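Chemist: Need a 3D model of the sequence below.
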Amino acid sequence: MVPNSRLDAARAWLMQTLAGRLLVAGVVLKLVAWIGVVTGVRPGLFNALDTLGGLAILISALVIGYRVYILARYRLLWRVRRKLILSYIFIGVVPVLLVVVFFTLGGLFFFFNVSAFMLRNHVESVVEGAQFLSQAAAPTLSGGASVAQLTDSLTTRQSAAAVRYPLVSYTVVPTDRVCGGDSSASAPRVVTGPWSHVEAPRTIPSWVPCSGFAGLITYPAESGTRLAARAIAWPPGLRTALIVDIPFGDALIREFHDEMGITIEAYSLVELSARGNQVPDGSRRGRLVNLRLGEQQEPLGWVAFLDYTDWATGEMSPLTVGFRVGPAAVFQYLSGPSFAPLDNYNVGQIFLMLLAVIAGLFLIIQAVALVMGLSLARSITGSVHELFAGTERVRRGDFGHKIAIRSRDQLGELAGSFNSMTASIEGLLREKAEKERLEQELRIARSIQMSLLPQGPLNMPGVSLSGHCEPAREVGGDYYDFLPLEDGRLGVLIADVAGKGTSAALYMAELKGLMLSLSRYHVSPRQLLIEANRIISKHLDARSFITMTYAVIDMRARTMTCSRAGHCPLIYVPGPDAGSRTPQVLTPEGMVLGLQFDLGDTFDRLLEEVTLPLGRGDLFVFYTDGISEAMNSQGDCFGDQRLVELAQRNADLASDDLRERILTEVHTFAGDAAQHDDMTMVLLKID
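Modeler: Numbers count the residues shown, from 1 in each chain. Take a look at the predicted model:
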């Protein structure tokens, strides 16, 4: 069953997922392209199919890699211990390894460049030696000397130079040029030395200047192209040139090894391609020497670049020389003479031993740090696992579970805090349940309070009414109402109970019932407020009071009669038929309801009633102080004047549109500042 289920899963993945379909399509396109290429039918089309197949396989591989990364991240990094260990490895181990690799590569780069410099320096010393030999022998040549005399002189010099440079060879070549004088004398052609590498030159190329020449040349040999140092000097006043050749034979290369610890193995000529890039010429590659050095064979191989001159044309070209060298030779070259008191240990060897000791200490410290990091990760994750197990027990409702305190560090204190938390969590749950119950009751109270306010539009010919009430908390103390009266009249009421919250909401509910009752018996707003004050003052808390404005609209008489009991002013904006539309702020005299300092005589004496004629388009704005005293984050109030100007600018809007405009302006002014009082308003417009 298992193989079949795995096969079904693989088949489903290939056929039902995007990555699987792309993989199948890519393989099929590759197969079709291969068949087309083999048959040779329309290769361009099949090449395009091969490209599409490769692109589909690449996209599929990217999708698969991403999903494998997500799966590995979830599976491998779910446990904190693995996260800590991986973090420690990436923070502590990987940077150290990168530093080690960086300095290792840097040291090798420095080492190989120094060794290449040593090789080039030694080769240049051979070239300079050939130049010195030619310049030393050239002044001794004279035009009247015989061949035997010249041969003896040059043979003596060649024999002396062969001690230092094996296979060194001299030759005197007559020319048509005179350098360093004006004479027709010339010396005969003389050849001394083995000249085993090439035939002695018979002419001097025209590119050789009168200042002479010293450089490297190449010549053919059985094992390939070989290398030699050649120098040319012009005897003064003679039409003759002196050539000295020092071939790099086995003896000279062995000398390189003995003096510098460098073994030259092979070289190849480098030719410039058409684009100017250097490319090795494999056909002209050869081994310079095949020394049997046995245990002296150096461990590290590298290449150095030299410049050689084409003898026929005088053009210079690069030459790569492969060689092997050991660290001891480079340190010997850099450190100089040894210290006699230290048993012939030189400075380089001393520093090398110090570096080895420091590297050993570094590895030991790194290993100890790795072990300590793993132990610390195990300790931390063990405590975290116990906390995790404890939280799982608490999640299942086991509040009596305790975590064992195994240490006195921060993890131990955390375990103690967890135990204290589980001991008090049941009380917190009870408090939470009680809070939720109270919040639910407040939501119900808010819903009931909102139901006490007018619901829906009031249909009364010639009058457009719009109201809004927004408590600062769940429930509030603001109240407004529309009271249909006899003879087609309408009572409009707005009130504000001092304070906020539940107590204000209860007084507001009591006030609604009282006003519904009194509005049936009192036609005059003043008499209604006097009776309301007489009743409320007997039941209201001594620290509370109520402000109110009550108006009666009589559309038959086209008048509005109102009284104000300490409430906010009434804003009146005349309609377009009036002579002036300058807004008026109406503030009839009156004091608040519910004060108990006398039997109501002061309230009756101060309360004033005014009657206003109504015209087409007249606008009346009733509001509470939550509108005018709305504050922004800087502590500035919206203000009565700003509300008056806003009503004047938008007096021609419908009452509902004007209400939304005022609310938008107030909320925009307040911004992020919290609402600190209930906001209520009533807009009355005469159609």
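
Chemist: Which neighbouring elements make contact with the strand or helix carrying Ser159?
Modeler: Here Ser159 sits within helix 147-164, counting by DSSP states H and E. When contacts are defined as 3 or more CB pairs under 8 Å, 6 or more residues apart in numbering; DSSP states H and E, helix 147-164 sits against helix 94-137, strand 169-174, strand 190-192. In short, each C-beta sits where N, CA and C put it, glycine included.

Chemist: 10 Å instead?
Modeler: With contacts defined as 3 or more CB pairs under 10 Å, 6 or more residues apart in numbering; DSSP states H and E, the packing partners of helix 147-164 are helix 94-137, strand 169-174, strand 190-192, strand 240-247, helix 250-260.

Chemist: show me the contacts for Arg21.
Modeler: 13-15, 56, 60 (CB atoms under 10 Å, 6 or more residues apart in numbering).

Chemist: Lys538: helix or strand, and which one exactly?
Modeler: Lys538 belongs to no helix or strand, assigned by DSSP H and E.

Chemist: residues near it, how many?
Modeler: 9 (other CB atoms under 10 Å).

Chemist: how close does it get to Leu514?
Modeler: To Leu514, Lys538 is 12 Å away according to CB to CB, to the nearest Å.

Chemist: Gly26 now?
Modeler: Taken as CB to CB, the span from Gly26 to Leu514 is 85 Å.

Chemist: if you count what's nearby, which of the two comes out ahead?
Modeler: Gly26 (21 against 16).

Chemist: The more buried one reaches Ile59, doesn't it?
Modeler: Yes. Shown here, Gly26 and Ile59 form a contact pair, counting by CB atoms under 10 Å, at 8.2 Å.

Chemist: Determine the number of other residues adjacent to Asn533.
Modeler: 25.

Chemist: I'd guessed it sits against Ser563; true?
Modeler: No. At 11.0 Å, Asn533 does not count as touching Ser563 under the criterion of CB under 10 Å.

Chemist: Report the set of residues contacting both of these two.
Modeler: In contact with both Asn533 and Ser563: 548, 590, 607, using CB under 10 Å, 6+ apart.

Chemist: isn't there a helix covering the first one?
Modeler: No. Following the definition DSSP: H, G, I helix; E, B strand; the rest coil, Met548 is strand and is not counted among the residues of a helix.

Chemist: Just list whatever residues bridge to it.
Modeler: Ala495, Gly566 (DSSP bridges).

Chemist: and if you look at Thr559?
Modeler: Those that pair with Thr559 in a beta bridge, by DSSP bridges, are Asp554, Pro613.

Chemist: Use 609 as the first number for this chain going forward.
Modeler: Renumbered: residue one is now 609, and that last one reads Thr1167.

Chemist: Let me see the ranges of the helices in the stretch 1109-1258 of the chain.
Modeler: 1110-1126, 1133-1144, 1209-1214, 1233-1236, 1248-1257 (DSSP state H, counting those that start in this stretch).

Chemist: Next, report how far the third one is displaced from the centre of its chain.
Modeler: So the one you mean is helix 1209-1214. 75 Å (CA atoms, centre = their mean, to the nearest Å).

Chemist: what about dumping the CA coordinates of it to CSV?
Modeler: Extracted in CSV, the C-alpha atoms of helix 1209-1214 (Å, rounded to 0.1, in the frame of the first residue of the first chain):
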residue,chain,number,x,y,z
ASP,A,1209,-39.4,81.5,43.1
THR,A,1210,-36.1,82.5,41.6
PHE,A,1211,-36.6,80.0,38.7
ASP,A,1212,-40.1,81.4,38.1
ARG,A,1213,-38.9,85.0,38.2
LEU,A,1214,-35.9,84.6,35.9
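
Chemist: what helices or strands is it leaning on?
Modeler: With 3+ CB pairs under 10 Å, 6+ apart as the test, helix 1209-1214 has helix 1133-1144 packed against it.

Chemist: and if you look at the second one?
Modeler: Taking 3+ CB pairs under 10 Å, 6+ apart as contact, the helices and strands that helix 1133-1144 lies on are strand 1097-1105, helix 1110-1126, strand 1154-1162, strand 1167-1173, helix 1209-1214, strand 1217-1221.
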